[in-house]
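Undergrad: pasting the structure only:
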DNA sequence: ATCCTCCCCTAC
DNA sequence: TAAGGTAGGGGAGGAT
């Protein structure tokens, strides 16, 4: 804007000239005889205007640069990359040279107008003078623009909402600003197919569920539990014999071990083996990418993104658009610029890491971490995409192997199971750790992925597994329990999550050792009877729950707490219809009917910004309302009607909805 | 006492 | 962009 006044005066003058003369083809002068210009990038006046000016003043305009015939390149801005390509005698001149020459009535020397090298000062200051912008659509909530900038195409969407969201680092907000939300460029210059799926799109649910790892983890667990149920009901009493022979042969080799073991333990308690695949998603992903073995690898959606979309220097673009679109804007907030040397948007990715291998964990990576953070911690990190079909396949193989050893197993998840081997140990006369070795080897052979195992009399085996990882196993005996648990963190106790850890900390309990010292009554007072008792027992390695082979399904639900952005009652109705259809479908699929409908919603917390950093739910309050039905039903119309009634009961501001779920019990 | 509703918590 | 689902256990507090 420094030269804004100057340019405005010139342009006004030009416009007057155009108005006077634009209808005629009359040549006004021959100032530009022997001059042939090529316009590079965005200029002011525009290339079309310059073309007209050249025509009216005796010059030539070359749409394409020709080293033989083009005498001057006109540009307002010369990026560093382009300046390197300049021929030694090539003249690059600012467009003011043309305007001023016309006003002066003669060809002015170009020296004062030469554009040499980068005009941008430093590397991280790109100006947007070189932009052409085309409005492509406009509606009430957003306007879309296409930008042509140094031959890259950008799509810009101006969202009319009261916050400006910057996807760069943390959440950055500028209140009361018509917002620029998305600025991407696509390396493929010609297509602009990227659309933000609206919550109400018919494909929204389908697409969301097709990409949600948590959704798959959930349904697979159910499927494996179904499989286990089937084993128990259909194959009751048929003991799997497939590997039994192998185990017995093994016995003869290790009979001394057996003898020793048998005398010592005398089968006083249950024998449970916990089998857990090592970094499941990554392991499966590496099956088809053996060349990546040994390198830090993570599974994330982000790996699909960087080639296609990249975040650009948003503040520069923002300023440009402010000048371009006559919005009245005041900038109150602080921007944080992305590192200009980060060519992709990897460092600012909010894509979560679903799974990372041990090479990556060595650099401090954890599952669930944002990819941007992970890449920062581990620049060599290789991101690979999800392959849900492959996970399912390996999961099936895993359960096929496990069920050939015993049918008394519990599906913990698609990659994790508990095997009650009490009977197996007695029948094949082998110690459980030998059986575990067997199973792990067989899993490796069948799936190509490593599994770890924990062996113990009860709940302890899960903790033991962690000790065995990666690709190993660990056994904890009942008499070692207290000592073993002491060496773990509170968070490692099964059933103890961050909330319990926090509450324990308030009690002054920081370690498992501390927990062992607290009286059960204190815990009961603070956590309630059952939870208190449970914590007390956990700390001592006491757990009487058996391996559970089958549980009746009590409920079916479908939740979406991602990308919910609804504005009107009609949109809400459409979304609820889609969701009710989905959940009804799931209910019918397992041949059940429901007696109760529960609606669960997440509502934006009043302190939370309208836009969260991720296109997700941000900080929310959750609420639920339920309705008991007179009769069991699996009828969509009834379920939909009740869902809508519950929704209306809550009297929510539709714009504040961030998550919706329907549960049928 | 026991049940019900509306939460919260946890696991993968 | 990235795709924060899903099922079950249990607690607080009110209703029965």
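TA: Arrived safely, thanks for sending. The shown structure was predicted, so the numbers you read here are calculated from the model rather than taken from an experiment.
Undergrad: Now for chain A, the helix or strand with the poorest mean pLDDT.
TA: Here the helix or strand of chain A ranked lowest by mean pLDDT, DSSP states H and E is strand A:179-186, holding a mean of 32.
Undergrad: Can you name the next helix or strand after it?
TA: helix A:204-211 (DSSP states H and E).
Undergrad: Outside of that following helix itself, list whatever touches it.
TA: A:197, A:198, A:215, A:301, A:386, A:560, A:562, A:563, A:575, A:578, A:579, A:582 (CB atoms under 8 Å, 6 or more residues apart in numbering). Where C-beta positions appear, they are placed from N, C-alpha and C, glycine not excepted.
Undergrad: again, only using 7 Å
TA: A:197, A:198, A:215, A:301, A:560, A:562, A:563, A:578, A:579, A:582 (CB atoms under 7 Å, 6 or more residues apart in numbering).
Undergrad: Just the buried ones from those?
TA: A:215, A:301, A:560, A:562, A:563, A:578, A:579, A:582 (16 or more other CB atoms under 10 Å).
Undergrad: tell me the contacts of the nearest residue to the second one once chain neighbours are set aside?
TA: In space, not counting the residues next to it along the chain, residue A:301 is nearest to residue A:351; the distance is 4.8 Å by CB to CB, 6 or more residues apart in numbering. Under the criterion of CB under 7 Å, 6+ apart, the neighbours of residue A:351 are A:300, A:301, A:302, A:370, A:371.
Undergrad: Pull the most distant pair out of those residues.
TA: A:301 and A:370 (11.3 Å; CB to CB).
Undergrad: pLDDT score assigned to the residue in the stretch 201-350 of chain A that DNA strand B sits nearest to?
TA: Here the stretch 201-350 of chain A gets closest to DNA strand B at one residue, residue A:217, 4.8 Å apart by CB to the nearest atom of the strand. Note on residue A:217: pLDDT of 97.
Undergrad: Likewise for residue A:519?
TA: Value listed for residue A:519 in the pLDDT field: 94.
Undergrad: Count the neighbours of it for me.
TA: A total of 10 residues lie near residue A:519 under the criterion other CB atoms under 10 Å.
Undergrad: go on, the one 3 residues further on?
TA: Residue A:522 has 14 neighbouring residues, counting by other CB under 10 Å.
Undergrad: How about residue A:371?
TA: 26.
Undergrad: Show me the helices in the stretch 351-500 of chain A, by range?
TA: A:358-361, A:371-377, A:388-403, A:422-428, A:432-447, A:460-468, A:481-486, A:498-506 (DSSP state H, counting those that start in this stretch).
Undergrad: So which bits of the shortest one are buried?
TA: Spelled out, it's helix A:358-361. In helix A:358-361, counting by 16+ other CB under 10 Å, buried: A:359, A:360, A:361.
Undergrad: just to revisit the earlier point, out of the contacts of helix A:204-211, which are inside helices?
TA: A:215, A:578, A:579, A:582 (DSSP state H).
Undergrad: Ignoring the adjacent residues along the chain, who's closest to the first one?
TA: With CB to CB, 6+ apart as the measure, residue A:209 is the residue that lies nearest to residue A:215, at 5.0 Å, once sequence neighbours are left out.
Undergrad: Over to residue A:615?
TA: Residue A:615 sits nearest to residue A:563 (CB to CB, 6+ apart), 5.4 Å away.
Undergrad: Just read off the phi/psi values of that neighbour.
TA: Note on residue A:563: its backbone torsions stand at phi 70, psi 20 [degrees, to the nearest 10].
Undergrad: do residue A:625 as well
TA: With angles defined as degrees, to the nearest 10, residue A:625 sits at phi -140, psi 140.
Undergrad: give the contact list for it.
TA: Contacts of residue A:625 (CB under 7 Å, 6+ apart): A:599, A:646, A:649, A:650.
Undergrad: neighbour-wise, which of these leads?
TA: residue A:599 (24 neighbours).
Undergrad: part of a strand, is it?
TA: Yes. Membership of residue A:599 in a strand is supported by DSSP: H, G, I helix; E, B strand; the rest coil.
Undergrad: which residues does it form a beta bridge with?
TA: residue A:625, residue A:662 (DSSP bridges).
Undergrad: Does it touch residue A:627 like I think?
TA: No. Using CB atoms under 7 Å, residue A:599 is not in contact with residue A:627; the gap is 8.4 Å.
Undergrad: and the stretch 351-500 of chain A, which residues reach DNA strand B?
TA: A:412-413, A:415-416, A:462, A:493-500 (CB under 7 Å from any atom of the strand).
Undergrad: same thing but at 6 Å, please
TA: A:412, A:413, A:415, A:416, A:494, A:495, A:496, A:497, A:498, A:499, A:500 (CB under 6 Å from any atom of the strand).
Undergrad: contacting residues for the fourth one?
TA: It stands for residue A:416. Contacts of residue A:416 (CB under 7 Å, 6+ apart): A:275, A:276, A:277.
Undergrad: what's the closest non-adjacent residue to the last one?
TA: I take that to be residue A:277. residue A:415 (3.9 Å).
Undergrad: What number of neighbouring residues does that neighbour come out with?
TA: What residue A:415 shows, counting by other CB under 10 Å, is a neighbour count of 27.
Undergrad: Check which helix or strand the residue nearest to residue A:561 when sequence neighbours are not counted maps to.
TA: Nearest non-adjacent residue to residue A:561, counting by CB to CB, 6+ apart: residue A:659, 3.2 Å away. Assigned by DSSP H and E, residue A:659 belongs to strand A:657-664.
Undergrad: for residue A:550, same thing?
TA: Going by DSSP H and E, residue A:550 is not in any helix or strand.
Undergrad: Quick check: the gap between it and residue A:43.
TA: Per CB to CB, to the nearest Å, residue A:550 is found 74 Å from residue A:43.
Undergrad: mean pLDDT lowest for which of the helices of the stretch 351-500 of chain A?
TA: Among the helices of the stretch 351-500 of chain A, helix A:422-428 scores lowest, at a mean of 85.
Undergrad: buried residues in it?
TA: A:422, A:424, A:425, A:428.
Undergrad: Just name the closest of those to DNA strand B, please.
TA: residue A:422 (22.0 Å).
Undergrad: Spit out the contact partners of the closest one.
TA: If you count contacts by CB under 7 Å, 6+ apart, then residue A:422 has A:270, A:271 around it.
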